[in-house]
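Asker: Here is my input; please provide its structure:
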Amino acid sequence: QVQLVESGGGSVQAGGSLRLSCAASGATYSNYQMGWFRQGPGKERECVAAISSGGTTSYADSLKGRFTISKGNAKYTLFLQMSSLKPKDTGMYYCTIGWRWLGCHPQAWDYWGQGTQVTVSS
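Answerer: Below is the predicted model of the structure:
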């Protein structure tokens with residue numbers, strides 16, 4: 001059973017930064033992709049960014065330049081550096097993993113974490 005655990009969420013003021021982390025256990029992928037999704041209050045879940053095991057990245061167009069996805073040195077670890085945060089970035093942020101590179105495609109993902117809450121106040 002694959003488990004993903006996110007951490008690093010919290011409350012910040014607009015303009016601030018946060019770094020989210022995710023670690024997956026129980027995975028046995030040779031090639032894989034990991035990603036971050038988010039769901040704001042009353043909104044649908046949307047892809048933030050994805051990264052392949054080879055380092056290829058894909059971002060939501062609206063977030064390019066403010067958010068940076070990266071992999072850790074340990075396999076199946078993931079980070080999301082968020083800068084210049086805005087109140088509309090508030091939501092639950094989820095880490096996810098899949099076995100093939102499809103970028104942010106909704107069918108690319110096999111397992112999900114429980115999420116970490118990010119709250120940005122004005």
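Asker: Tell me which stretches of this structure form helices.
Answerer: For the chain, no helices are identified by DSSP state H.
Asker: beta partners for Thr119?
Answerer: Ser11 (DSSP bridges).
Asker: pretty sure it contacts Ala14?
Answerer: No. Using CB atoms under 8 Å as the test, Thr119 is too far from Ala14 to be in contact (11.0 Å). Where C-beta positions appear, they are placed from N, C-alpha and C, glycine not excepted.
Asker: tally of neighbours for the nearest residue to Gly8 once chain neighbours are set aside?
Answerer: The shortest distance from Gly8 to any non-neighbouring residue, by CB to CB, 6 or more residues apart in numbering, is to Leu20 (4.2 Å). Using other CB atoms under 10 Å, the number of residues around Leu20 comes to 24.
Asker: Any idea what Leu20 is bridged to?
Answerer: Going by DSSP bridges, Leu20 forms beta bridges with Leu80.
Asker: Look at the closest residue to Asp110 other than its chain neighbours and report its pLDDT.
Answerer: In this structure, Asp110 finds its nearest non-sequential neighbour in Gly98, 5.0 Å apart by CB to CB, 6+ apart. Gly98 is assigned 95 on the pLDDT scale.
Asker: From Val120, how far off is Gly98?
Answerer: Relative to Val120, Gly98 is positioned 28 Å away (CB to CB, to the nearest Å).
Asker: Report the beta-bridge partners for Ser25.
Answerer: In beta-bridge terms (that is, DSSP bridges), Ser25 pairs with Gln3.
Asker: I'd like to know how far it sits from Trp99.
Answerer: 16 Å.
Asker: same question, Gly91
Answerer: Going from Gly91 to Trp99 by CB to CB gives 26 Å.
Asker: Likewise for Gln114?
Answerer: From Gln114 over to Trp99 (counting by CB to CB), the distance is 21 Å.
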